[in-house]
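Asker: Here is the input, now give the coordinates:
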Amino acid sequence: MVKIRNKKFAIVIILAILLPSISVFLINSQNYTQEIKTNNTKIYTSAEIIHDDEPWLNNSNFNSDSHWFSSKEGDITDTEAYISNGQANFNITGDKRTFSNISGIPTSEIWENVTNPAFPILPDYYGIDQYGCEANHTWIDPTDPEQAPSVHWERIITMPVNMSDYVITSASISTIYNASVTTSPGGASSPQPYYGVDSRDDPVDQPGDYDSARFYVLISDLGGSETYEIAWYQTVHLGQDSPEISNITDSFMEKVVEESLIFYLTSLFERDSFHFKVILGIRIKCIDNFNYDRDRWDSLRIKSCDLNFTYEKKIDQFTKISWNQEGESLSGENIQITDANLRFRYKVDQPWPTSSSPTSEIKVLLNGNSHEETIRLSLANETFKDAKLGGFDVTTLILLNIEIQASIQIYIANEFLLNRTITISIDDVYLDISYIEITTVPLGEPEIFRLLLILAAVAGGLLGSYLILYQRIFKYPLPVRKVRKYRRTLKNSEGPKRSITTQDAAFKKVYGKEIGKSTSLLKSKSPQKTAGGKIEKISEISKPDSSGGET
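Answerer: Residues are numbered from 1 along each chain as shown. Reported below is the predicted structural model:
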């Protein structure tokens, strides 16, 4: 019965320890699971992986055009990008052209006769022959209404380029005319066949204004809203009777100064970047200087016209062109960038026009953010050299969780004229990134619970075992434990392995130990002298006999 009670007692003790532990564990597990669902909190194990100088760009040597793409800002006609011969090139596209389409003797194939809207009456004859544009006219007073006829020949010009991208740097106009008239007196007291043109020095019955012809060259927009006269001549003495001036041989018209001609052309191109009109015109003015006046203009001719101008490409301020590559992204919350370096080489095929554009430069950009250091194009050589010794530190420009786009950009800081194309080349573009990757592995909920359960079970088992041992053994003094152990052996068929010492034997044993200590003490002391100077001999020392008494 005692053994059964002891087993039941042990089971009760173990259950009393484990059941509360498991209950508390399950409650805490439920609360922990709910907290994970609410706060998305997990436990992780972590490790650091160090990445040194990881290359981030492909095709750094431009062996092909793969992985790289170009982009432009501003006037896209100012720049061009292409890859060839193992290098990426930026063209700053300059240009110089000359307009000389209006040249020589006008022909009917390219010049069209039109009406002068201000003076729509046409002369008796007008046309274009092998000698140019010609008109003649006879006015007979008083019944002839065609007193101020005029004629135009025009030509529409289409430019080969957009002139808003160009600046006219020089211009000239040169036009040759000639004329012949009848000079005999144009009037008399009675009608006579006299058809003389009257100049200001001729005697007339009705002085004031006089007969004249005007030759001119106009330029205008296609709609005629803006028109400029760039060359002209108006007769003064033609038709003079004495001394007679009946003709004007080939002569140049008057013309505007070059600055004005450039201004007029520029103004027209601001209206229409591709088109303008050139007009050759003759206007005749017949004045009634007699009662019966007659004026005959035998031949008025524009023999040739030459309009020339040169224009150069305008490179707009803030124009940009870039070579770009999108690399992979550095993704994750546990990435620490320790270093990033971008390096490349560059050159220019001819000296940069520093006087025209002193502050244009090369920029380094990461994801659109410019590095604070730039390279002035005025420092470029005609052979490749490093953009910067050791490269550019772009650590602060690297962004996490987005694709890393590296860009080499040409930035035009000044507006200037460029009459040729300049090529800037880059090669060996590298972006190296060093970073630390902290890897984390979340411990799943089942693993956490299993671990905690094992720890709780082990702790509960150890504690339960200790309590059982304490309850059954360790709470008793050592002698009592021996007696209890001896008592458990009495029921065995064999004799007890331990003997029980009697009270007398125990006393004698303790007494003997104490006497032994005293004897050792006495032996260590010197003999004592008597009064007579003799040494007293202690012959016997009492000691216990075998029965426990003294002898």
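Asker: The residue most central in space within the chain and Phe392, how far apart?
Answerer: A centroid search over the chain (CA atoms, centre = their mean) returns Gly368, at 2.8 Å, as the residue closest to the centre. For Gly368, the distance to Phe392 (CB to CB, to the nearest Å) stands at 16 Å. Where you see a C-beta, it was placed from the backbone N, CA and C, and this is true even at glycine.
Asker: Show me what the strand or helix carrying Ile436 pairs with in its sheet, parallel or antiparallel.
Answerer: Assigned by DSSP states H and E, Ile436 falls within strand 422-442. Applying DSSP bridges, strand 422-442 is found paired with strand 44-55 (antiparallel), strand 87-92 (antiparallel), strand 335-348 (antiparallel).
Asker: So which of the ones you listed is the most surrounded?
Answerer: When those are scored by mean count of other CB atoms under 10 Å, the highest mean neighbour count falls to strand 87-92 (a mean of 21).
Asker: need the strands for the stretch 301-450 of the chain, in chain order.
Answerer: With strands called from DSSP state E, counting those that start in this stretch, the stretch 301-450 of the chain shows them at 320-329, 335-348, 361-366, 369-370, 375-376, 385-386, 392-393, 403-411, 416-418, 422-442.
Asker: Can you add distance to Asp201 and mean pLDDT and give the ones you listed back as CSV?
Answerer: Output for the strands of the stretch 301-450 of the chain, formatted as CSV (distance: least, CB to CB, whole Å; pLDDT from 0 to 100):
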stretch, distance to Asp201, mean pLDDT
strand 320-329, 68, 94
strand 335-348, 68, 95
strand 361-366, 70, 97
strand 369-370, 77, 96
strand 375-376, 70, 97
strand 385-386, 78, 97
strand 392-393, 83, 96
strand 403-411, 69, 96
strand 416-418, 51, 97
strand 422-442, 63, 89
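Asker: Tabulate the ones you listed (TSV), appending distance to Gln147.
Answerer: Conversion of those to TSV gives the following (distance: least, CB to CB, whole Å):
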stretch	distance to Gln147
strand 320-329	63
strand 335-348	68
strand 361-366	68
strand 369-370	73
strand 375-376	70
strand 385-386	78
strand 392-393	81
strand 403-411	65
strand 416-418	51
strand 422-442	62
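Asker: coming back round to it: shouldn't the residue nearest to the centre of the chain be in contact with Ile402?
Answerer: No: assessed by CB atoms under 8 Å, Gly368 is found out of contact with Ile402, at 10.8 Å.
Asker: show me where the chain has helices.
Answerer: 2-39, 258-271, 445-469, 478-489, 503-523 (DSSP state H).
Asker: Quick one: list the elements packing against the last one.
Answerer: Counting contacts by 3 or more CB pairs under 8 Å, 6 or more residues apart in numbering; DSSP states H and E, there are no secondary-structure elements packed against helix 503-523.
Asker: mean confidence for that helix?
Answerer: Helix 503-523 comes out with an average pLDDT of 74.
Asker: May I see the buried residues of it?
Answerer: For helix 503-523, a neighbour-count test (16 or more other CB atoms under 10 Å) marks Lys508 as buried.
Asker: The helices of the chain: lowest mean pLDDT?
Answerer: helix 2-39 (a mean of 52).
Asker: if we can go back for a sec, mind exporting the C-alpha coordinates of the strand holding Ile436 to CSV?
Answerer: In CSV, the C-alpha atoms belonging to strand 422-442 read as follows (Å, rounded to 0.1, in the frame of the first residue of the first chain):
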residue,chain,number,x,y,z
ILE,A,422,31.9,68.4,-82.6
THR,A,423,32.0,64.8,-81.4
ILE,A,424,32.5,63.9,-77.7
SER,A,425,33.2,60.2,-77.0
ILE,A,426,33.1,58.1,-73.8
ASP,A,427,34.4,54.6,-73.1
ASP,A,428,35.0,52.1,-70.2
VAL,A,429,32.1,53.2,-68.1
TYR,A,430,31.9,51.2,-64.9
LEU,A,431,29.8,51.5,-61.8
ASP,A,432,30.9,49.4,-58.8
ILE,A,433,28.8,49.1,-55.7
SER,A,434,29.9,47.7,-52.3
TYR,A,435,27.2,46.8,-49.8
ILE,A,436,26.3,44.6,-46.8
GLU,A,437,23.3,42.4,-47.1
ILE,A,438,21.8,41.3,-43.8
THR,A,439,19.9,38.1,-44.5
THR,A,440,17.0,37.2,-42.2
VAL,A,441,15.2,33.9,-41.9
PRO,A,442,11.9,34.1,-40.0
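Asker: angle of that strand against helix 445-469?
Answerer: Interaxial angle, strand 422-442 versus helix 445-469 (axes from the mean of the first three to the mean of the last three CA atoms, to 10 degrees): 30 degrees.
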